[in-house]
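Undergrad: My questions are about this predicted structure, shown below with the sequence.
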Number of protein chains: 2
Amino acid sequence: MEFIQGIKQKETMEIRDILAEELTDRTIKINGTVHIIRDMGDVAFVVLRKSEGLVQCVFEKGVTDFDFKKLKEDSAIEVEGTAVKEDRAPNGFEIRIQTLRVLSQPAEIMPISINKWKMNTSLETKLDLRPISLRNPRERAKFKIQEGLVRGFGEFLYKEGFTEVRTPKITAKGAEGGSNIFKLDYFGQKAVLAQSPQFYKQTMVGVFDRVFEAAPVFRAEKHNTTRHLNEYTSLDLEMGFIDGFEDIMAMEAGFLQYAMELLQKDYGKELKMLGVTLPKTDTIPAVRFDEAKKLVSEKYNRKIKNPYDLEPEEEVLISRYFKEEHDADFVFVTHYPSKKRPFYAMDDPADQKFTLSFDLLFKGMEITTGGQRIHDYSQLISKIEDRGMEIEGMEAYLMIFKYGMPPHGGLGIGLERLTMKLLDELNVRETTLFPRDMHRLEP
Amino acid sequence: MEFIQGIKQKETMEIRDILAEELTDRTIKINGTVHIIRDMGDVAFVVLRKSEGLVQCVFEKGVTDFDFKKLKEDSAIEVEGTAVKEDRAPNGFEIRIQTLRVLSQPAEIMPISINKWKMNTSLETKLDLRPISLRNPRERAKFKIQEGLVRGFGEFLYKEGFTEVRTPKITAKGAEGGSNIFKLDYFGQKAVLAQSPQFYKQTMVGVFDRVFEAAPVFRAEKHNTTRHLNEYTSLDLEMGFIDGFEDIMAMEAGFLQYAMELLQKDYGKELKMLGVTLPKTDTIPAVRFDEAKKLVSEKYNRKIKNPYDLEPEEEVLISRYFKEEHDADFVFVTHYPSKKRPFYAMDDPADQKFTLSFDLLFKGMEITTGGQRIHDYSQLISKIEDRGMEIEGMEAYLMIFKYGMPPHGGLGIGLERLTMKLLDELNVRETTLFPRDMHRLEP
């Protein structure tokens, strides 16, 4: 029998440990994966790939008794050696190898060169080989930045008095309705995968006033585009006691400001590697849906076909307009037509054809949908009846209004889309670890 | 057109704002839900329920011109009044109401008394009425503590160099195999819901060395017990370059230590409300599976029926043994028999009948399964073949070993079970927001 006391200091050092102390030619241990071997004859460079970045190790013939010819790229190794300053090496130091120990070896040579700066492979190939193509430092940097966005979301909202919740993904009825729902058999009952945590997050406003969730959502949409996924991560928040839907937009602006600062502070290496310029978030224009249509129609000489719908090209033009006129990367489009929004959206008392809602566009693409919800029970029932919808199956949801709900609203942000536009990628699959689309269920 | 600058200071104050400044009979604004009304004739107490706790407001006849008789419990209101010190009130202050504004009203009176200290209702009723029963301060406190555990998991692992990942929940093949899998039709292809992120988190070790994920997992198990759920939150971690599976246990002990400190620091109010005594985590005994069986067999005079299996009663007795002998609430049971572990578990080179794996028991219940995984490609292929399993459908997973993986391992913690045992609840549904079991798909 033994006793576990918690984590112990390891003998092997991480890059941050080495950078934190003065390099005094001290002997250290480090481990990592052999990223690339550059054999120069009497000397060879063995570059290690670690989570934090690359480490250059130098192998000199005669210094260590390891048979260098046997070393394979993509082996996991541990080296012992002296850390010395070297400005030309990544992170400004290199390790002169004294001993080298192989921890594990690959069985085959990789079919793609993940140790190249840019992988000259198609998106399809990258996705087919996702488990290894992600090992490329630039590929993985995208997901480090994505982690930063999720961290920022949680940290900021926690600071603002939100509580994190975890709501079920197998449900009896879809929140948004429609046919775009994955169905499954649940012990003989009909069940669906949650299209959004909408009903549950509203429910939790009655419990904690302000809640958030970062979790998968599922949409059985038969779209095959560069911006649709059938499973994605939705950053959801919902808050009570709002004065209006402007409070929700303000909260999103606050999140974006916080997240960009966090990226600047903790993810500088990845931003630099990918050449990312962070967008301005200090002030974000908000324009009414009908006004936005008019503005782009006038400026770009484009006829308004349908005053109650926004075409993807119009989204692009609205973003272009605000970039040109206000140097804005983000723009809130507000007051969407009621018939384009779900039943729970609150109609504008000033004009019931429109809702107290918004989308956030980022460089021409919708990355957020949000707005104020109806909180009054009888008003909600009327709207459900007006739309000819069934109340059956919604009893648990309607219960929260029957027994009292504060004025509230919220939003959902598509994490992969936000990452995509931040990194100026052209396809949302580039910023999804393992994308699910109509044709891709693996890896 | 307007411009959104980020969050603005609200006129209404939160409890923490009020506590942060000296109470000088200043007029303030506060909002909340009417938790309970105590009408004493000339004076009435209106207790507000807010996310942070309760606030006592005092309504004196003649002071405000609101018709008090019209006020209903569970209304959302905003009051303006003077905040004064009052030791008998929650948080040590009360608000003497000057004006009162109703923001929204319930349509009906609640069928259960959520404003009672303890709700005298069965678990079944609480679950049927979950959307409103969660509004009870003690009920919701459980989930505030649960939030603390998830926060602790993320914060601790981030500090330890882990990267948060988000892996798909719709997959082509289950990680653990077996028949306990929810199936669905995915655009004409056969798909399943992920039983665990096992294959993906191992894959991501090849990318980031250390990764974690807190996400739903789905098990179509036909169990109807106090500790099984068909959808639950799994706190998963996986780490590379380990020296042995002891590294994983040490990381879990480190997490538990961090989480208990965080709860003590930030969730003291909830711990007190629920009367929780935090368990000791400074040292956790680890005992071999076969040794543990022997110990309880001897001490409790119990015959060992099957040396390769652990019965639930034995789990309880092992926990009892370590509580009695070492005052330990947690115990790691190590070296589980190979035939009881999935194919990817690493067998003990010293005795192939056992694995380099462990479970963590907490007060008699398994809350974690973990261990070292096979990292060598040919060794993994052999084990798959020995078990008569199909390689088909696992190509993407096997790819990571073919092209090189470091020695690694990980674990999965059942969040709801950890919360259940921490709070000394008798049913895991008590610590699940919206439980999914064989009979419950709603709310």
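TA: Everything's here; your move. On a predicted model such as this, the values are computed, not experimentally measured, just so you know.
Undergrad: Point out where the stretch 51-200 of chain A drops to low pLDDT.
TA: Along the stretch 51-200 of chain A, segments meeting pLDDT under 70 span A:174-177.
Undergrad: those strands in it, which residues are they?
TA: Using DSSP state E, counting those that start in this stretch, the strands of the stretch 51-200 of chain A run over A:53-60, A:76-85, A:93-104, A:163-164, A:170-171, A:183-186, A:189-193.
Undergrad: what about the residue located most distally from the centre of chain A, distance to chain B?
TA: The centre of chain A is farthest from one residue, residue A:62, which by C-alpha atoms, centre = their mean lies 48.5 Å away. Going from residue A:62 to chain B by C-beta to the nearest C-beta, to the nearest Å gives 28 Å. All C-beta atoms are positioned from the backbone trio N, CA, C, and that covers glycine.
Undergrad: Can you lay out the strands of the stretch 51-200 of chain A as TSV showing distance to chain B?
TA: Below are the strands of the stretch 51-200 of chain A laid out as TSV (distance: least, C-beta to the nearest C-beta, whole Å):
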stretch	distance to chain B
strand A:53-60	11
strand A:76-85	4
strand A:93-104	5
strand A:163-164	5
strand A:170-171	5
strand A:183-186	4
strand A:189-193	6
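Undergrad: got a pLDDT number for the nearest residue to residue A:432 once chain neighbours are set aside?
TA: Leaving out its chain neighbours, the residue that sits closest to residue A:432 by C-beta to C-beta, 6 or more residues apart in numbering or on different chains is residue A:416, at 4.7 Å. For residue A:416, the pLDDT comes out at 98.
Undergrad: Give the helix, strand or coil label for residue A:416.
TA: helix (DSSP: H, G, I helix; E, B strand; the rest coil).
Undergrad: can you pull the contacts of it?
TA: The neighbourhood of residue A:416, defined by C-beta atoms under 8 Å, 6 or more residues apart in numbering or on different chains, consists of A:146, A:229, A:232-233, A:428, A:431-432.
Undergrad: now swap in residue A:257 and tell me
TA: Taking C-beta under 8 Å, 6+ apart, we find residue A:257 in contact with A:281-282, B:6.
Undergrad: Repeat that for residue A:173.
TA: Contacts of residue A:173 by C-beta under 8 Å, 6+ apart are A:192, A:393-394.
Undergrad: just the buried members of those?
TA: The neighbour count (16 or more other C-beta atoms under 10 Å in any protein chain shown) marks A:192, A:394 as buried among these.
Undergrad: Ranking the strands of the stretch 51-200 of chain A by mean neighbour count, which comes first?
TA: Counting by mean count of other C-beta atoms under 10 Å in any protein chain shown, strand A:170-171 has the highest mean neighbour count of these, with a mean of 22.
Undergrad: what are the pairing partners of that one, and which direction each?
TA: Looking at strand A:170-171 with DSSP bridges, its partner strands are strand A:189-193 (antiparallel).
Undergrad: Please tell me I have it right and residue A:209 contacts residue A:161.
TA: Yes. Judged on C-beta atoms under 8 Å, residue A:209 makes contact with residue A:161 at a distance of 7.5 Å.
Undergrad: Which one's more surrounded, those two?
TA: Using other C-beta atoms under 10 Å in any protein chain shown, the more surrounded residue of residue A:209 and residue A:161 is residue A:209, with 25 against 16.
Undergrad: Would you mind giving both backbone torsions of that one?
TA: Backbone torsions for residue A:209, taken as degrees, to the nearest 10, come to phi 70, psi -50.
Undergrad: Now do the same for it: its pLDDT.
TA: Confidence for residue A:209, expressed as pLDDT, is 98.
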